[in-house]
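# Here is a sequence together with a model predicted from it:
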Amino acid sequence: MPWTKNDYPDSMKNLDKEVRDKAIEIANSLLEDGYEEGRAIPIAIDQAKEVGPESDVTYHITESDGTWEVKKEGAKQASDSYDTKQEAMDRGDELIESRNAKLVIHRMDGSVEKTKKATE
């Protein structure tokens, strides 16, 4: 029987919601692959802790009027503004680590230079 967000093994009850949801997804997948419940649960919990929650937050580093801005995607204004791109990138690194976010770094012309995630 597949588990749901409302009906899952007791061993998952103390996990953070995001990790628990991922563990449920992994455990159900393992069951489909033929694993026994007793084996699927601890494997799923370990893998969910490794992966962590998926990010749904993206920050952009862009140049604007001589300054480099760090802006959350969808926000009307930048959260931080810096004199150098490196300062903005350092702040972006802090944000993606603390919030498991994605970071999109732009060139001066606005094109994308690279994208980073918390685990990189």
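Yes, it's here.
# where do the strands sit along this structure?
Along the chain, counting by DSSP state E, strands occupy 58-64, 67-72, 80-82, 102-106, 112-117.
# Could you export the second one as CSV, CA atoms only?
Once non-C-alpha atoms are left out, strand 67-72 reads as follows in CSV (Å, rounded to 0.1, in the frame of the first residue of the first chain):
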residue,chain,number,x,y,z
THR,A,67,25.9,48.3,-9.1
TRP,A,68,25.4,44.6,-8.8
GLU,A,69,22.0,43.5,-7.4
VAL,A,70,20.8,40.4,-5.7
LYS,A,71,17.1,40.0,-6.4
LYS,A,72,14.7,37.2,-5.6
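# Please enumerate residues in contact with that strand?
Applying Cβ atoms under 8 Å, 6 or more residues apart in numbering, the external contacts of strand 67-72 come out as 57-63, 77-85, 87-88, 91-92, 95. The C-beta positions use only the backbone N, C-alpha and C, and glycine is treated the same way.
# Drop anything exposed from the residues you listed.
The neighbour count (16 or more other Cβ atoms under 10 Å) marks 58-62, 78, 80-82, 85, 87-88, 91-92, 95 as buried among the contacts of strand 67-72.
# which one of those is nearest Asp21?
Nearest to Asp21 among these, counting by Cβ to Cβ, is Thr58 at 20.4 Å.
# State the distance from the closest one to Ala78.
Thr58 sits 14 Å away from Ala78, going by Cβ to Cβ, to the nearest Å.
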